[in-house]
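A.B. asks: Quick one: sequence plus predicted model below, questions after.
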Amino acid sequence: MLNRDWFYNIPGHTQHHEERKVTWIELFYDLVYVATAIQLGNLLSKDVSLLGFVKFAALFIPIWWAWTGITFFVTRFVVDDVWHRLLLFAQMASIAALALSIDGVFGDLYQQFVFAYVIARFILVLLYVRAALAVPAARPLAAGYALGFSLGAALWLVSAFVPAPARYGLWAAGLIVEFATPLSPAMRRWQARFPPDVEHVAERYGVFTLIVLGESFVKVIDGLAGTQLTIDLVLLGLVAVGLAAALWWLYFDDIGGSRVQHRGLETYVWIYSHLPLTLSLTTFGVAVKKILLHPSGEPLEDKYRLLLGIAVVLFCLFLGTMDRVTARQDDMTENKTRSGWRFLGVAALASWLVVSRGVLSLPFLLVILLVFVAGVALNLRRPRAKPG
């Protein structure tokens, strides 16, 4: 049943929405990003090199930002009328066009990619315009978002008619404008008066992280479909599954469901840290697939070794960063201590990358798994607060 009333997150206001859960339309919306993440992984898989990784990361950023834009809109404004649904479906179509363009972004499909991104941002601007008209109290905030995102999208639109490499500078400038929009002093003041639903934000980012992590299984299963299993492949597969389980454990034991602290820039640190963290999970899926397909008995190629190393180092680095700004109710471990564990893991993983050149796939993965198992073990030993 359609709900035509607007709910908005102003503490103490009569329209304050007390408790939120992920809705069916949000989950349906997320599905288009499943296909998009697969295409991003395919792009990296075709070119495992420094330039290939830079291209992959450059495309991951605007796609992640498009998802984040809708997520933060729906954490502040809750409406389920016909126009809202149609606008969300229209943005899903634009994101699908982005996914279809990924393979040729740096070739003949760059204009198609740009136009799809601009349409996605224009739809978000329309959503904020509707919010400004429906919720007068939030008009300055909604107008600020609409203006900042419009300026960023305009730079992207101009880039469609500019040759390389200048067009990529306009992409970067557009993203900088959009990323900076929530950080301006005026917008921060309005966001403090009109905060997002923090529990809903944590749940949404947890769902997205789970989706991206799940892509690692999609990559591996797709790459190994029809392959005759051997002892070596089974052992590698078990270690890879153990690594994926450890990634899940550390994120959802540390970050998933925890509250974001609202002090200074800590909220923004938590939000923006999810960008490299989710990027690392997509990288992890590609790297594991390459390693499992690597001929057994031969030293692991440096490009695959480094790709997995980048993935796990980024994951631990930004997990530790989020640990510093996350509040927990059932855990007596200080944030500095918890993040210190993650940064210690970063040091161990980086050291292993330096000395592991020429090793076989299995011992390379085993050492990385041991580092993550140690992180999980530290989590299990942490002191818990007593109920009540």
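C.D. replies: On my side now, so go ahead. Model, not experiment: these values are computed from the prediction.
A.B. asks: can I assume Phe113 is in contact with Phe106?
C.D. replies: No. Counting by Cβ atoms under 8 Å, Phe113 stays clear of Phe106, with 9.3 Å between them. All C-beta atoms are positioned from the backbone trio N, CA, C, and that covers glycine.
A.B. asks: Neighbour count: those two, which is higher?
C.D. replies: Phe113 (23 against 16; other Cβ atoms under 10 Å).
A.B. asks: For Tyr33, grab the count of nearby residues.
C.D. replies: Tyr33: 23 surrounding residues under other Cβ under 10 Å.
A.B. asks: Wait, it touches Trp67, no?
C.D. replies: Yes. At 5.7 Å, Tyr33 counts as touching Trp67 under the criterion of Cβ under 8 Å.
A.B. asks: can I assume Val78 sits in a strand?
C.D. replies: Yes. Per DSSP: H, G, I helix; E, B strand; the rest coil, Val78 lies within a strand segment.
A.B. asks: Break the protein into its domains for me.
C.D. replies: 22-193, 198-381 (automatic domain parsing).
A.B. asks: CSV for those, including mean pLDDT?
C.D. replies: Shown next, in CSV, are these (pLDDT from 0 to 100):
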stretch, mean pLDDT
domain 22-193, 93
domain 198-381, 88
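A.B. asks: Can you tell me how far the spatially most central residue of the chain is from Gly226?
C.D. replies: For the chain, Thr278 is the residue whose C-alpha lies nearest the centre (Cα atoms, centre = their mean; 3.7 Å). Plainly put, Thr278 is 30 Å away from Gly226 if you go by Cβ to Cβ, to the nearest Å.
A.B. asks: Report the secondary structure state of Val48.
C.D. replies: coil.
A.B. asks: got the phi/psi numbers for it?
C.D. replies: When read as degrees, to the nearest 10, the backbone of Val48 gives phi -80, psi 90.
A.B. asks: And for it, the neighbour number?
C.D. replies: Other residues lying near Val48 total 18 when counted by other Cβ under 10 Å.
A.B. asks: How about the contacts made by it?
C.D. replies: Shown in contact with Val48 (Cβ atoms under 8 Å, 6 or more residues apart in numbering): Val286, Lys290, Lys303, Tyr304, Leu307.
A.B. asks: how does it look with 7 Å?
C.D. replies: By Cβ atoms under 7 Å, 6 or more residues apart in numbering, the residues touching Val48 are Lys290, Lys303, Tyr304, Leu307.
A.B. asks: which secondary structure element contains Phe89?
C.D. replies: Per DSSP states H and E: Phe89 is located in helix 82-101.
A.B. asks: which strands and helices sit next to that helix?
C.D. replies: Counting contacts by 3 or more Cβ pairs under 7 Å, 6 or more residues apart in numbering; DSSP states H and E, helix 82-101 packs against helix 24-46, helix 50-76, helix 110-134.
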